[in-house]
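Q: Please find the sequence and the predicted model below.
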Amino acid sequence: MPIDLKSLNEIYEGLKKLKEKWAPDDGRDIDDAEEMWMEIPNFLNWAVPTMGIALDLIQPPKIEIVSAIYESERKNIDVTEKIRSSINKNAIEIQILNTTFNHDPDYGQKKNLRVEYKINGESKTEIVLEGQWLRIGVA
């Protein structure tokens, strides 16, 4: 479902109007606060469902690393834990080098990283050549 920017803009404008109307430095007294609280539920009944939909859509993806293998045609090493530990704020951005893993499984040979992962529960596979960057969940 796409984000409805018109609805988000309406929410923003509505909140802005409430803020302008009920700014704490506008000289109103405590009796005016009761009127403000009577208006807020009506606004929130309309705004919150729309905001909830939008927030669901902009939440960062949940990443789960199933396996990560750094491999050549002949040899490989399991680097799953290293890749898992690279998750930062539900994203991974890491350059694939021998030094990244403190090991060269097949000296002088071309290697790649094969990562099997789930993003928001959907299974995926990514293959990244040595020297390139693994980027998952990065905008």
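A: Nice, I can see it.
Q: how near is the closest residue to residue 73 other than its chain neighbours to residue 124?
A: Sequence neighbours aside, residue 109 is the residue nearest to residue 73 in space, at 7.0 Å (criterion: CB to CB, 6 or more residues apart in numbering). No exception for glycine: its C-beta is placed from N, CA and C like everyone else's. Residue 109 sits 26 Å away from residue 124, taking CB to CB, to the nearest Å as the criterion.
Q: after the worst-scoring helix or strand of the chain on mean pLDDT, next one along is what?
A: For the chain, scoring each helix and strand by mean pLDDT, DSSP states H and E identifies helix 30-58 as the least confident one, at a mean of 56. Downstream of helix 30-58, the next assigned helix or strand under DSSP states H and E is strand 63-71.
Q: and the closest residue to residue 106 other than its chain neighbours, how far is that from residue 114?
A: Excluding its sequence neighbours, the residue lying closest to residue 106 (CB to CB, 6+ apart) is residue 72, at 3.7 Å. Separation of residue 72 from residue 114 (CB to CB): 11 Å.
Q: so where's the protein uncertain?
A: Counting by pLDDT under 70, the chain shows low-confidence ranges at 1-9, 11-12, 14-60, 139.
Q: can I see the domain layout of the chain?
A: The chain breaks down by automatic domain parsing into domains covering 5-58, 63-136.
Q: The last one spans what distance, first to last residue?
A: Just to be clear, that refers to domain 63-136. 8 Å (CA to CA, to the nearest Å).
Q: Can you classify residue 134 by secondary structure?
A: Following DSSP: H, G, I helix; E, B strand; the rest coil, we place residue 134 in the strand state.
Q: Next, the contact list for the residue nearest to residue 64 when sequence neighbours are not counted, please.
A: Leaving out its chain neighbours, the residue that sits closest to residue 64 by CB to CB, 6+ apart is residue 118, at 4.4 Å. Residues counted as contacts of residue 118 (CB atoms under 8 Å, 6 or more residues apart in numbering) are 62, 63, 64, 66, 124.
Q: And residue 75, by the same measure?
A: With CB under 8 Å, 6+ apart, residue 75 has these contacts: 105, 106, 109.
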